[in-house]
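1. Sharing a model that was predicted from the sequence below.
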2 protein chains.
Amino acid sequence: MSVKIKTLEWIGDIDGFLRLIDQRVLPHVLPRRLVYMDCYDVPTLVEAIRMLAVRGAPAIGITAGYGMSLAAQKINDHTDLAQALQALRKQADVLASSRPTAVNLFWSLDRMMTCAATFIADNSGASIIDLQRALLLEARAIHTEDRQMCQAIGEHGEKLIPEGGSILTHCNAGALATGGIGTALAPMYVAHEHGKPFHVYADETRPLLQGARLTAWELLQGGIDVTLICDNMAGMLMKQGKIDTVITGADRIAANGDTANKIGTYGLSILAAAHDIPFYIAAPSSTFDLKLSCGNQIPIEQRSPNEVTSFGDRPTAPEDVKVYNPAFDVVDASKITAIITEKGIIENPDADKIAAHLG
Amino acid sequence: MSVKIKTLEWIGDIDGFLRLIDQRVLPHVLPRRLVYMDCYDVPTLVEAIRMLAVRGAPAIGITAGYGMSLAAQKINDHTDLAQALQALRKQADVLASSRPTAVNLFWSLDRMMTCAATFIADNSGASIIDLQRALLLEARAIHTEDRQMCQAIGEHGEKLIPEGGSILTHCNAGALATGGIGTALAPMYVAHEHGKPFHVYADETRPLLQGARLTAWELLQGGIDVTLICDNMAGMLMKQGKIDTVITGADRIAANGDTANKIGTYGLSILAAAHDIPFYIAAPSSTFDLKLSCGNQIPIEQRSPNEVTSFGDRPTAPEDVKVYNPAFDVVDASKITAIITEKGIIENPDADKIAAHLG
């Protein structure tokens, strides 16, 4: 694969730590240098997630898995297993409080807690070190599976990229958002590897410019032809016939297919429908939250006005102006041509098809 | 009227100069201070227009009118009138080259040249000073008429603002874009003066943030309730039922009603139609270009990639990324609920209604 970016990496064994690319300073670094953030404890990880040093639903899920490994490290060797489980539960709650919308975070924490509870139930005489080992193994499994899921999404989605076509994407659902080659960008990396010609338009994605800073950067690193636009230019490009398909990632998908993703995705889905352009969501199956029947049950994170009223330390608006700054919006399932997961493609998604697809 | 902003002002008599608010540094100035730019010659004015120190179709028109007055100042007293007319034509061409899309620029230059030609034809024995006086009078007339047009647009448009409703606007078509209380913002200023309650959402308007920097600033100055959003949030607000009406300005309107305005306006028109929200264009009749039968004949200015890839002196994207940066897009007449001019309201605009309206 053409992507060599190590968005997150566990360094060492059960006494190790999580090394993240600090995405807040991308791409403003010295040529061929990256700024890393080494996380040795849960509070640092929570801060990294909250401040968007690491972001993207799948990457947040993996980070939370390793976070539980860091939590297990801090448990004293002489603690009994029931108390250890309680301590882990507390740290899982702390990690869960970091961001509200991406479901992969909760999915990963549930999986880590299930792993811990099962291990303890099955191994009553085990040591804390054994528990730590079991949890690190599970976190590594989440990471490895994510890498494989990205690859599978890429292979399924690649078929949807028209030869010589133009793809619009929003925010960053690439290598920097996952443990592998991304979700929305995975089909592009696979198509590029197959030698298929295509072009990408990347929405800059206000307010935090993940498209300009991250997607444009990683596609250029991967040798993919990309043009940066402001979010408000997408409509004009569609009208001009310059967009053949839209592919974005997802932060949470309800049982009926309604999909929360970065703010602006809803507007793109309406514009795509108005121009008869296929609109695809690419996400691993861990992004589905079947407990929610439809999209208006998905909690939407509201972020600080400062993200809109300043750039770096420079104000871009009157300091006393009111601001509305939701981080996500929800696309209606009816506007989604297909959802691409690691298991295949769900065309015209609805509750029945999604239930059948996820098995 | 609640607006006291002097966007542009001619200081002095025929030997005077044009004082502009330098809008590039708004709102980053000391409290209650503004940065002005005094223009004593045509090259400075052209630079002011090109670099967006002054912007907004009507304000550009007024500026160009005064520009011809500055051009007349530079003509030697002993020049004969035919040569003077030639010199003025040359300076009009220089001014016309400053920006391609807003038609008011060309309309104003034509009017100033017609004034000069008519004056010379009617007054063969006149002096250069007489010609200068005639041109300054004409430039002042353009300015005064613009102020009156803004007021009339405001009074017609005010009726379209629902009591307690929410209005979305894009870019800046306010006092800072005109010689008076604006075009798109004029109905809001009039409604506010009448004591009608309403709320404004202002799109920040990437890449140059005229909504964040200018619209939010001038509405706050006028005591109007305004909330700033990123451009990509408009769709979500519409879905939530938080937008009752959309009002924007225009840079050029073709004979059939197709309207060029700041990039992003086209997308808003599609979103508004999809949510059954009325979409209004407010512009003086000088914005119509009846020589163009439809919108795809309107030239669209392409601006520098730097506007998208950096903020101030800070890069926001990889420096080698390709950028598409059109300054305007074109709204189809079929998506416009009505056009508001100083003469009244053209509902469901088409070529016949527009021709009848303009008389």
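-> Perfect, thanks for sending it.

2. in the stretch 101-250 of chain A, which spans are helices?
-> With DSSP state H, counting those that start in this stretch, the ranges of helices along the stretch 101-250 of chain A come out as A:103-122, A:128-158, A:186-193, A:210, A:216-221, A:234-239.

3. Give me the pLDDT for A:Val25.
-> Per-residue pLDDT puts A:Val25 at 86.

4. That one: how many residues sit nearby?
-> By other CB atoms under 10 Å in any protein chain shown, 13 other residues sit near A:Val25. For every residue, glycine as well, the C-beta is placed using N, CA and C.

5. Now do the residue lying closest to it once chain neighbours are set aside against A:Ala53, distance only.
-> Leaving aside its sequence neighbours, A:Val25 sits nearest to A:Val35 (CB to CB, 6 or more residues apart in numbering or on different chains; 4.9 Å). Using CB to CB, to the nearest Å, A:Val35 is found at 9 Å from A:Ala53.

6. Within its local environment, how many residues does the nearest residue to A:Arg55 once chain neighbours are set aside see?
-> Of all residues not flanking A:Arg55 in the chain, A:Gln23 sits nearest, at 6.3 Å (CB to CB, 6+ apart). The burial count assigned to A:Gln23 is 27, neighbours taken as other CB under 10 Å.

7. quick one, phi/psi of A:Gln23?
-> For A:Gln23, the backbone dihedrals (degrees, to the nearest 10) come out as phi -80, psi -10.

8. ok, it touching A:Ala48?
-> No - in this structure, A:Gln23 is not within contact of A:Ala48 by CB atoms under 8 Å, at 9.5 Å.

9. Overlap of the contact sets of these two?
-> Counting by CB atoms under 8 Å, 6 or more residues apart in numbering or on different chains, the shared contacts of A:Gln23 and A:Ala48 are A:Val54.

10. Am I right that A:Gly257 is in contact with A:Thr337?
-> No - look at A:Gly257 against A:Thr337 with CB under 8 Å: they stay out of range, at 11.1 Å.

11. So between the two, which is more surrounded?
-> Counted by other CB under 10 Å, A:Gly257 and A:Thr337 do not tie: A:Gly257 has more neighbours, with 25 against 20.

12. So that one: helix, strand or coil?
-> With DSSP: H, G, I helix; E, B strand; the rest coil as the basis, A:Gly257 sits in coil.

13. Could you report the neighbour count for A:His156?
-> Neighbours of A:His156 (other CB under 10 Å): 20.

14. and it, what does it touch?
-> A:187, A:340-342, A:344-345.

15. Mark which of the residues you listed are buried, thanks.
-> The neighbour count (16 or more other CB atoms under 10 Å in any protein chain shown) marks A:187, A:340-342, A:345 as buried among the contacts of A:His156.

16. could you give the mean pLDDT of the host helix or strand of A:Ser269?
-> Under the criterion DSSP states H and E, the helix or strand holding A:Ser269 is helix A:265-274. The average of the pLDDT scores along helix A:265-274 is 98.

17. what's next to it, contact-wise?
-> With contacts defined as CB under 8 Å, 6+ apart, helix A:265-274 is touched by A:168, A:170-171, A:203, A:234-235, A:238, A:243, A:246, A:248, A:259, A:277-279, A:328-332, A:335-336, B:232, B:234-236, B:239, B:267, B:270-271, B:273-274.

18. Can you turn the buried part of these into a PyMOL selection?
-> Entered in PyMOL, the line below selects the buried ones among the contacts of helix A:265-274, by 16+ other CB under 10 Å:
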select buried, (chain A and resi 168+170+171+203+234+235+238+243+246+248+259+277+278+279+328+329+330+331+332+335+336) or (chain B and resi 232+234+235+236+239+267+270+271+273+274)
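
19. Return the residues of the stretch 151-300 of chain A in contact with chain B.
-> Neighbours of chain B within the stretch 151-300 of chain A, by CB under 8 Å from any CB of the partner chain: A:201, A:203-207, A:209, A:212-213, A:216-217, A:220, A:225-237, A:239, A:263-264, A:266-268, A:270-271, A:273-274.

20. My error: substitute the stretch 1-150 of chain A in the last question.
-> Residues of the stretch 1-150 of chain A lying near chain B by CB under 8 Å from any CB: A:27-28.

21. Which residue ranges make up each domain of chain A?
-> Annotated domains of chain A cover A:8-152, A:156-358 [automatic domain parsing].

22. most tightly surrounded among those domains?
-> Mean neighbour count (mean count of other CB atoms under 10 Å in any protein chain shown) peaks for domain A:156-358 among the domains of chain A, with a mean of 22.

23. what residues do A:Val35 and A:Ala53 have in common as contacts?
-> Jointly contacting A:Val35 and A:Ala53 under the rule CB under 8 Å, 6+ apart are A:Asp22.

24. quick one: low-confidence parts of the stretch 201-350 of chain A?
-> Filtered on pLDDT under 70, the stretch 201-350 of chain A yields no residues whatsoever.

25. ranges for the strands of it?
-> Secondary structure of the stretch 201-350 of chain A (DSSP state E, counting those that start in this stretch): strands at A:226-229, A:245-248, A:252-254, A:259-262, A:279-282, A:288-289, A:310-311, A:314-315, A:322-323, A:328-331, A:338-341, A:344-347.
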